[in-house]
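Engineer: when you get a sec, could you give me coordinates for this:
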Amino acid sequence: MAALHLLARHFTVEAVTVDHGLRPEAAAEARFVAQGCARLGVFHSVLHWHRGEARGNLMDQARRARIRLIGDWARARGLRHVALGHTADDQAETFVMRLGRSAGLEGLSGMRRRWEENGVIWTRPFLGVGRAALRDWLRAADLGWIDDPSNDNDNFDRVKARKALRELAPLGISVARICETTAHLAAAEAALEECLRHMAGDLVRADRGDLVIAPAAFGPALPPELRRRLIVRALQWVGGQGYAPRADAVAGLLAELQQGRSATLAGCRILARTDEIRITREWSAVAGLRVPTGQQWDRWQMEGPGETGLEIAALGEDGLRACPQWRECGLPRPSLMASPAVWRGEYLIAAPLAGRENGWKARIVRGTFLQKPFSH
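Structural biologist: Predicted coordinates for the structure are as follows:
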């Protein structure tokens, strides 16, 4: 609420609330925000997330869904910038949680203040402001707010980190000091990323959604840390995952590649060849994904005739059999199987990357390679 009121004083803004459907109080909280927006004359939307049958880390899934929903909403509304309400306390808590997971330099450099992803510029204007200071401002302005009851739920790591910070305060390990440390680490992280960008231009090329890495990336000229980063960035770009794979999984992958063996990781197939390493999307990661034409499918936007009743799904084995000239396209079989295709039911209409265009084109919807993906 503090972010809403402060930003509305200086900018023309719209507001959005995501109801994850996880707490019965969420609908009432959305109405509370809507009432505040109405008093300010601010347009307000409520978005809903339906988890479905997904399993695994609930909080991570909700966070990813929230960013995706808000990004889609912003683009649909013609909004270029999105401001998130994270505070200095959020930054310090994130640092403690990542420290407990043995995070490296990238993880410990904290949440970013600004980045661009899929045509939207995301900012965290209050990352240097404490949670208590914002609440004091709300009290002074005679404005109310609602505390999320999950903030007191010890089952969540963030709540545990918050309580741990209180215990560490007498040692001088405060929110402010941790934020200073994350800033120092972020500067070192940025220097390494810049070095990687300079070196990657001669080592990596994009090929219709795949990334192809030259053998020199695995030679002595590239320091191990830069090699690790190169592989991680490639996996994130192709696989679309915000978080990097676990360090032990990346180390295992690098060992396999050094032996000339192919592997899978993070929703990607990594094909080891004598003259190159090709990273492509893993077919099984997208096999169940179907969307109507006009919507983004995985990393792709399909453009073609405006027929109704069509869907986008992976080409797969069945689709590949319907493209007898696929070998002439120059892409390996795994790449084509995971590529986007247009279907009417079980009938293949188009597969642009496999040589069956029928008026359709496939366009990657993703930032440039080595642009850091959203992680937190």
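Engineer: for the stretch 1-150 of the chain, just list every one of the helices.
Structural biologist: Along the stretch 1-150 of the chain, the stretches classed as helices by DSSP state H, counting those that start in this stretch are 2-8, 26-40, 58-77, 88-99, 105-108, 131-140.
Engineer: pLDDT of the shortest one, averaged?
Structural biologist: When pLDDT is averaged along helix 105-108, the result is 91.
Engineer: for the chain, what's the longest helix?
Structural biologist: helix 175-200 (DSSP state H).
Engineer: following that helix, which helix or strand shows up next?
Structural biologist: Using DSSP states H and E, the next helix or strand after helix 175-200 towards the C-terminus is strand 204-207.
Engineer: in stretch 102-113, which residues are buried?
Structural biologist: The neighbour-count check on stretch 102-113 (16 or more other CB atoms under 10 Å) flags 103, 106-113 as buried. No exception for glycine: its C-beta is placed from N, CA and C like everyone else's.
Engineer: out of those residues, which comes closest to W283?
Structural biologist: Distance from W283 was checked for each of the buried residues of stretch 102-113 by CB to CB. The minimum falls on E106, at 28.9 Å.
Engineer: surely the closest one and E189 touch.
Structural biologist: Yes - applying CB atoms under 8 Å as the test, E106 and E189 come out as touching, 5.6 Å apart.
Engineer: which residues touch R366?
Structural biologist: R366 sits next to 118, 237, 240, 299 when contact means CB atoms under 8 Å, 6 or more residues apart in numbering.
Engineer: select from the residues you listed the one having the most neighbours.
Structural biologist: Ranked by the number of neighbours (other CB atoms under 10 Å), the contacts of R366 place W237 first, at 24 neighbours.
Engineer: how much space between it and R344?
Structural biologist: Distance, W237 to R344, by CB to CB, to the nearest Å: 31 Å.
Engineer: again with R321
Structural biologist: According to CB to CB, R321 and R344 sit 17 Å apart.
Engineer: just the ones in helices from the contacts of R366, please.
Structural biologist: Among the contacts of R366, the residues falling in helices (DSSP H) are W237.
Engineer: could you dump the contacts of R366 into TSV with pLDDT and distance to V204 added?
Structural biologist: Output for the contacts of R366, formatted as TSV (pLDDT from 0 to 100; distance: CB to CB, whole Å):
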residue	pLDDT	distance to V204
N118	74	21
W237	93	10
G240	85	17
R299	91	17
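Engineer: farthest pair in the contacts of R366?
Structural biologist: Greatest spacing in the contacts of R366, by CB to CB: N118 and W237 (12.6 Å).
Engineer: would you map the strands across the stretch 201-350 of the chain?
Structural biologist: Ranges of strands in the stretch 201-350 of the chain, per DSSP state E, counting those that start in this stretch, are 204-207, 210-213, 263-265, 268-272, 277-281, 291-292, 300-303, 311-314, 340-344, 347-350.
Engineer: to T181, which of these lies closest?
Structural biologist: Comparing the strands of the stretch 201-350 of the chain against T181 with CB to CB, the closest turns out to be strand 263-265 (30.6 Å).
Engineer: list the residues that contact R363.
Structural biologist: R363 makes contacts with 300-303, as judged by CB under 8 Å, 6+ apart.
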